[in-house]
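Engineer: the sequence isn't on hand, but the structure is:
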C-alpha cells in the first residue's frame, strides 16, 4: 500500500491526514498549534499525531511513502527549515523536516509554503483537475496563492514566485502592510475590505456594519461587511461591489500574465463569492484580451482539504 | 550536419538566417516585407531567400532540420496560421507553415509569436544563458515579451501568456490602445513616453524635445525625448526619470509574479537604458520582496539577433 501523510501547519491549528494517491482520506485529525509553546512542542505534537493516525488506521510505517508539510513562510524549502513567520510567532530557524526524520528515518519529508501546497491540492483534487495551467488564490488577511504551469507547480528561482498580492495595481495607491503603495492586497484582501469599511464609517457614514461588529464585541472585519450586505445595507452593498471590481482587476492581471485555464479562489473572502461575483465578471467583461478571458474559468475553491491534501501530494 | 532556419517576420523587414544548434550563423539576409504586396508575395520572397541562403552556403536541403517563424500575432500557432495583425496589415488567415511546407515537404515548419521567439533566442544565446527562470521584455511601441519557466518557454493555455504590457498598474489610469485604463504600456512604452512628452509640451512646457523633432520634420517620438535628455533638457530629464519609475514598477510586478533569475530588456527604448537605469533600481530598492529582487539580474538584451535565432530554436 502507498500512503502519504499531509501536514497543513497554520498559526492556530494543524490539520494532519493520511491519504492515498487518489486523494481519499484514510484518517485525519486537527490539533491546536499552541504557537506560544514553541516549535519543539509543536513538532512533538505533529509526530505524536502521525503515529496515532497510523495506529488507529492499522497502517504499517513501511507503507508510509512520504510526509509533506505546508507551512507559512518564509522558508528554506530545500533545507526544510522554517526561517520565520508572522503566523508562527517565535518559531525561527526551525529545521522541521530533519526533526521529523529523526522519528521517521526512512521516509522522505518535504517542506513547502502553505499557499503552494494548497495550490497543488486544489489542482489535483479540486477545481484544477484535468487542467494544465491553473492558478489558485487565497483571499483572506492577505492575498496569496500559487500557479501550476504545464502541469507542474511553479516555485520560481528561490521559491518566491506568485507573490501576487503584492503586485502593484495602483500607482501611489493604498499603503500595504509590506510597505509598498498600491498592492493588490491593499485593495482586495479581507483585511482591506474591513479597513476601507472602517474608514468610511469614521467619516460618518451610517451603516449596519458597525452595529453587527459591536453586537459581536469585535472590531469590524470582512465578515461583518458581507453580513450587512446581505441585509442590503447601503454602504456595505457599495463596498462589496468595489470588492468585486478590485478582485476583477487583479484576476485580469493573472489572466494577462499566466493565461490559465482555471482560477480557483479560496480563503475567507471566497465564502461570500455569490455577493460579488457579478461585479468580478462585469469588470472583466469591459477589459481587453477577450480570447484569454473567455477560455478561463473562475470559481470558488472546491476541495476544502486542499491544504492538507496538497501537502501530502508534495511527496507524490 | 544539423542546420536550422530562422525567420523573424516583421512589419517592415524579414530577417532570415541559417544557423547551427549552438547559435552560430552560417548565412543570413534581411529583405523588405512589402506588406502592401500581400501575404502570398511575402511568403514567396521568404522561400526564395531560404533557397538562396542554402545555395550560397552550399548546404543540402537534407541537412535542414527545421524552419521556425516568429511573427506578430494573433496567430493560431498549432495550425500555423497568421490570423491577423496590425503589423502585417491585410495579411489575414495566412496558412504560412503549410505554404512553406509545399516547397519543403519533409521539414518541420513551426510558427510562434515574435515575442516568444525572441524570448527563446535571448534565453538560449543571450542574457538568459545558464538560467532556469528567465523573462524577456521588449519595450517599444508597446510592451511585450515572454517567460521561460523551469527551462521551458511558457505559452499559456491558448498561446496568450505574458501579455504583460496590458497588466493594470494604475486603477483608472492612462487610457491604453487596448481600451483598458492603466495598463503598464500606457505608462512605460516608447509610444507613451512620446505621448506624455507631447501632452506636457502642449501645456506650454518649453523643451528641446520639440526642436529636435521639428528639425527631423517628425512627430515627437521616444528617441527625441532621450536625445533631449542627453542634452540636459529639463522636461526631458524629468520625463526619462519617470520612465525609469514606470519601468521599475512593472519590473517589480514581474519579479513578484515570476521570481525570475534574470530579466532582459529589449526593444527601442532599451537603447537608452543608461539614461534611466538608476531610476529603475532606485524604484525597486524602495519596494518589498527583497529576497526576490536581490537574486534577479536586470539588464539589456545581449543578442541582437534574438528574434531570428529564437525562431530557428523553435525547431530544436
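Structural biologist: Ah, there it is. Just so we're clear, the structure is a prediction, and the values are computed from it rather than from any experiment.
Engineer: measure the most centrally placed residue in chain A to residue A:68 for me?
Structural biologist: What sits nearest the mean C-alpha location of chain A, by Cα atoms, centre = their mean, is residue A:138, with 4.0 Å. As judged by Cβ to Cβ, to the nearest Å, residue A:138 and residue A:68 stand 18 Å apart. To be clear about C-beta, it is placed using only N, CA and C from the backbone, and glycine gets the same treatment.
Engineer: show me what from the stretch 51-200 of chain A comes close to chain B.
Structural biologist: For the stretch 51-200 of chain A, the residues in contact with chain B (Cβ under 8 Å from any Cβ of the partner chain) are A:74, A:132-133, A:149-150, A:152, A:154-164, A:166-171, A:173, A:176, A:178-180, A:182, A:187.
Engineer: gap between residue A:264 and chain B?
Structural biologist: Using Cβ to the nearest Cβ, to the nearest Å, residue A:264 is found at 15 Å from chain B.
Engineer: per-residue confidence for that residue?
Structural biologist: Per-residue pLDDT puts residue A:264 at 98.
Engineer: can you report how many residues lie near it?
Structural biologist: The number of residues packed around residue A:264, counting by other Cβ atoms under 10 Å in any protein chain shown, is 28.
Engineer: now residue A:309
Structural biologist: 30.
Engineer: could you do residue A:86 as well?
Structural biologist: 11.
Engineer: and residue A:61, by the same measure?
Structural biologist: 13.
Engineer: name the SS class of the closest residue to it other than its chain neighbours, please.
Structural biologist: Spatial nearest neighbour of residue A:61, excluding adjacent residues (Cβ to Cβ, 6 or more residues apart in numbering or on different chains): residue A:54 at 6.4 Å. At residue A:54 the chain is in helix, as set by DSSP: H, G, I helix; E, B strand; the rest coil.
Engineer: my read: residue A:54 touches residue A:17, true?
Structural biologist: No - the criterion here is Cβ atoms under 8 Å, and residue A:54 misses it with residue A:17 at 11.6 Å.
Engineer: more crowded one of those two?
Structural biologist: Neighbour comparison, residue A:54 and residue A:17: the larger count goes to residue A:17, with 24 against 19 (by other Cβ under 10 Å).
Engineer: quick one: contacts of the helix or strand in which that one is found?
Structural biologist: Applying DSSP states H and E as the criterion places residue A:17 in strand A:13-19. The contact list for strand A:13-19, computed with Cβ atoms under 8 Å, 6 or more residues apart in numbering or on different chains, reads A:3-8, A:25-33, A:42, A:45-46, A:49-50, A:53-54, A:57, A:59, A:64, A:305, A:307-309, A:312.
Engineer: kindly write the PyMOL command that selects the buried subset of the residues you listed.
Structural biologist: Command for PyMOL that selects the buried part of the contacts of strand A:13-19, burial taken from 16 or more other Cβ atoms under 10 Å in any protein chain shown:
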select buried, chain A and resi 3+4+5+6+7+8+26+27+28+33+42+45+46+49+50+53+54+59+64+305+307+308+309+312
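Engineer: let's see which of the contacts of strand A:13-19 end up in helices.
Structural biologist: Among the contacts of strand A:13-19, the ones falling in helices (DSSP state H) are A:42, A:45-46, A:49-50, A:53-54, A:307-309, A:312.
Engineer: tell me how far the residue in the stretch 101-250 of chain A that chain B sits nearest to lies from residue B:82.
Structural biologist: Nearest residue of the stretch 101-250 of chain A to chain B: residue A:156, at 2.7 Å (Cβ to the nearest Cβ). Per Cβ to Cβ, residue A:156 is found 33 Å from residue B:82.
Engineer: again, but for residue A:45
Structural biologist: 61 Å.
Engineer: strands of the stretch 151-300 of chain A, start to end?
Structural biologist: For the stretch 151-300 of chain A, the strands defined by DSSP state E, counting those that start in this stretch cover A:152-154, A:262-266, A:297-300.
Engineer: what does the shortest one contact?
Structural biologist: Translated: strand A:152-154. Strand A:152-154 is contacted from outside by A:116, A:119-120, A:123, A:146-148, A:161-162, B:149-150, using Cβ under 8 Å, 6+ apart.
Engineer: which strand or helix spans residue A:128?
Structural biologist: Here residue A:128 is assigned to no helix or strand, by DSSP H and E.
Engineer: surely it meets residue A:260?
Structural biologist: No - assessed by Cβ under 8 Å, residue A:128 is found out of contact with residue A:260, at 9.3 Å.
Engineer: need the residues touching each of the two.
Structural biologist: Joint contacts of residue A:128 and residue A:260 (Cβ under 8 Å, 6+ apart) are residue A:134.
Engineer: identify the residues contacting residue A:249.
Structural biologist: A:169, A:184, A:187-188, A:283, B:168, B:171.
Engineer: now, among the residues you listed, which is nearest to residue A:96?
Structural biologist: Here the nearest of these to residue A:96, counting by Cβ to Cβ, is residue A:184; it sits at 30.1 Å.
Engineer: that closest one reaches residue A:169, doesn't it?
Structural biologist: Yes - in this structure residue A:184 lies within contact range of residue A:169 using Cβ under 8 Å: 4.9 Å.
Engineer: shared neighbours, the two?
Structural biologist: In contact with both residue A:184 and residue A:169: A:246, A:249-250, A:253, using Cβ under 8 Å, 6+ apart.
Engineer: so, low pLDDT: which residues of chain A?
Structural biologist: For chain A, no stretch has pLDDT under 70.
Engineer: flag every residue of the stretch 201-316 of chain A that's near chain B.
Structural biologist: Near chain B, when you scan the stretch 201-316 of chain A using Cβ under 8 Å from any Cβ, you find A:249, A:252-253, A:256-261, A:287-289, A:291-292, A:295-296.
Engineer: can you tell me which of those are buried?
Structural biologist: A:249, A:252-253, A:256-261, A:287-289, A:292, A:295-296.
Engineer: from the residues you listed, pick the one nearest residue A:213.
Structural biologist: Among those, and counting by Cβ to Cβ, the member closest to residue A:213 is residue A:249, at 27.3 Å.
Engineer: count of neighbours near residue A:274?
Structural biologist: 10.
Engineer: picking that back up, same list, the ones in helices among the contacts of strand A:13-19, but as CSV with distance to residue B:105 please.
Structural biologist: Converted to CSV, these look like this (distance: Cβ to Cβ, whole Å):
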residue, distance to residue B:105
A:42, 66
A:45, 68
A:46, 63
A:49, 65
A:50, 61
A:53, 62
A:54, 62
A:307, 54
A:308, 55
A:309, 50
A:312, 51
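Engineer: quick check, nearest of the residues you listed to chain B?
Structural biologist: residue A:307 (21.5 Å).
Engineer: so that closest one touches residue A:70, yeah?
Structural biologist: Yes - under the criterion of Cβ under 8 Å, residue A:307 makes contact with residue A:70 at 5.6 Å.
Engineer: who touches both of the two?
Structural biologist: In contact with both residue A:307 and residue A:70: A:6, A:8, A:114, A:117-118, using Cβ under 8 Å, 6+ apart.
Engineer: mind listing what residue A:12 touches?
Structural biologist: Residue A:12 touches A:32-33, A:35, counting by Cβ under 8 Å, 6+ apart.
Engineer: among those residues, name the ones in strands.
Structural biologist: Secondary structure assignment by DSSP state E places residue A:32 of the contacts of residue A:12 in strands.
Engineer: any chance of TSV for the contacts of residue A:12, columns distance to residue A:241?
Structural biologist: Shown next, in TSV, are the contacts of residue A:12 (distance: Cβ to Cβ, whole Å):
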residue	distance to residue A:241
A:32	38
A:33	36
A:35	37
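Engineer: nearest to chain B, of the contacts of residue A:12?
Structural biologist: residue A:35 (23.4 Å).
Engineer: how close does the closest one sit to residue A:41?
Structural biologist: 10 Å.
Engineer: can you give me the helices in chain A?
Structural biologist: Using DSSP H, helices in chain A cover A:39-56, A:96-103, A:114-125, A:185-188, A:190-202, A:208-216, A:222-230, A:234-258, A:273-285, A:290-294, A:306-313.
Engineer: for residue B:89, find the nearest of those helices.
Structural biologist: Nearest of the helices of chain A (Cβ to Cβ): helix A:290-294, 20.3 Å.
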